[in-house]
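Undergrad: 3D model of this:
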Amino acid sequence: RLVRTAKAVRVPDASAPGAVPWSRYVITGVRGPGRIDVPAGETTIVVSDASLQSADLSGCLFRNYIATGSTLEDCDFTDATFEGGVLGDLPLTTYRRCIFRRTDLRRCAPQLARFEGCLFEEARLDGWAARTAEFVDCRFIGRLLRVQFWGEPTGAGRPRAVLTRSSNEFRGNDFVEAVLDDCSFKGGIDLDANLWPTSDRYVVLHDRARLIDGAMRRLDELSGDQQERARNTLRLLSSGGYERQRDVIVERALLGPADALLL
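TA: Numbering: from 1, shown residues only. Here you go, the predicted structure:
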């Protein structure tokens, strides 16, 4: 395969008066396959109007990262660390068949990025709120801690997201080998279009609205304290994005006293 070069330039970064400006390292054009080394230090890595193909970015430290209007295909981010930034802003950026193995993405928001056929294996996604990102045919392996996936754009990024789409595509994703620790899937995600863990730790509430309506009518079967706890759980599963769900996947332990009423 031919190695096509990308244009990379350094430009000064805007900063507040009196602050020490960070440099910007801009990658644009076409590059790949091969190793891409990013500069160390207080540098913002900007991937703009770029096509990265089979780029090796494993082990890289991104102090700050911004991707816009780019396509990254078959790129390897194994053991890379992102200390800040966003994986995708307008114009839209797509990651296709990229590998995020043991990648630390806790402090880098997915924002408007689209992921197609990507592998997230033991990746650190703790606290991710994927409110405006899209995931298609991706595979997740290992622990996901407090990750939120949304089927419709929401939050502060919604006004920008709706310029390009009314819903976040979320289908064909494989969570069979994932540990879903306090994770949520909201805003109209079709659970039947994805694969889920088969462990007894999780339960899928099919026809959520019907189950909750029935459980609410049976609250008097519980004692006072249990009744209040169950009511709070049922209210939680009826709001905050869950109201847009036909079905819900949840850790069974989190249902508490509502378990007996719902199942």
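Undergrad: For the rest of this, base every contact and every neighbour count on C-alpha atoms.
TA: Will do.
Undergrad: ranges for the helices of this structure?
TA: In the chain, the helices defined using DSSP state H lie at 158-161, 208-217, 224-236, 259-262.
Undergrad: quick one: average pLDDT of the first one?
TA: Translated: helix 158-161. Averaged over helix 158-161, pLDDT sits at 91.
Undergrad: sorry, back to before: who wins for proximity to G69 among the helices of the chain?
TA: helix 158-161 (13.9 Å; C-alpha to C-alpha).
Undergrad: now the closest one: how far from the chain's centre is it?
TA: Chain-centre distance of helix 158-161: 16 Å, with C-alpha atoms, centre = their mean, to the nearest Å.
Undergrad: With stretch 124-132 instead?
TA: 4 Å.
Undergrad: for stretch 92-106, same thing?
TA: Offset of stretch 92-106 from its chain centre (C-alpha atoms, centre = their mean): 10 Å.
Undergrad: picking up where we left off before, pipe the helices of the chain into a markdown table and attach mean neighbour count and distance to Y242 per row.
TA: Listed next are the helices of the chain as a markdown table, based on neighbours: other C-alpha atoms under 10 Å; distance: least, C-alpha to C-alpha, whole Å:
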| stretch | mean neighbour count | distance to Y242 |
| --- | --- | --- |
| helix 158-161 | 16 | 17 |
| helix 208-217 | 16 | 9 |
| helix 224-236 | 16 | 8 |
| helix 259-262 | 16 | 15 |
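Undergrad: will you turn the ones you listed into CSV that also has distance to C75?
TA: Shown next, in CSV, are the helices of the chain (distance: least, C-alpha to C-alpha, whole Å):
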stretch, distance to C75
helix 158-161, 25
helix 208-217, 39
helix 224-236, 39
helix 259-262, 43
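Undergrad: And those: which comes nearest C98?
TA: Closest of the helices of the chain to C98 is helix 158-161, at 22.5 Å (criterion: C-alpha to C-alpha).
Undergrad: which other residues reach that closest one?
TA: The contact list for helix 158-161 (C-alpha atoms under 8 Å, 6 or more residues apart in numbering) reads 90, 112, 132, 153.
Undergrad: Let me know the closest of the residues you listed to L219.
TA: Nearest to L219 among the contacts of helix 158-161: P153, at 33.9 Å, using C-alpha to C-alpha.
Undergrad: you'd agree the closest one is up against V162?
TA: Yes - applying C-alpha atoms under 8 Å, one finds P153 in contact with V162, separated by 7.0 Å.
Undergrad: Who has more neighbours out of those two?
TA: Remark: of P153 and V162, P153 carries more neighbours, 23 against 15, as counted by other C-alpha atoms under 10 Å.
Undergrad: What's the local residue count around the closest residue to the more buried one other than its chain neighbours?
TA: Excluding the flanking residues, the one nearest P153 by C-alpha to C-alpha, 6 or more residues apart in numbering is T132, at 4.7 Å. When counting by other C-alpha under 10 Å, one arrives at 29 neighbours for T132.
Undergrad: circling back: looking at the helices of the chain, which is nearest to D79?
TA: D79 lies closest, by C-alpha to C-alpha, to one member of the helices of the chain: helix 158-161, at 29.5 Å.
Undergrad: Dump the closest one to PDB, restricted to CA.
TA: Written as PDB, here are the backbone C-alpha positions of helix 158-161 (Å, rounded to 0.1, in the frame of the first residue of the first chain):
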ATOM      1  CA  ARG A 158     -28.400  19.000  21.300                       C
ATOM      2  CA  PRO A 159     -28.700  22.300  19.300                       C
ATOM      3  CA  ARG A 160     -25.600  21.500  17.300                       C
ATOM      4  CA  ALA A 161     -26.500  17.800  16.900                       C
END
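Undergrad: going forward, begin numbering at 541 instead of 1
TA: Got it, the first residue is 541 from now on, which makes the last one we talked about helix 698-701.
Undergrad: any idea how far L802 is from D747?
TA: 11 Å (C-alpha to C-alpha, to the nearest Å).
Undergrad: Actually, D730.
TA: When C-alpha to C-alpha is applied, the distance between D730 and L802 equals 20 Å.
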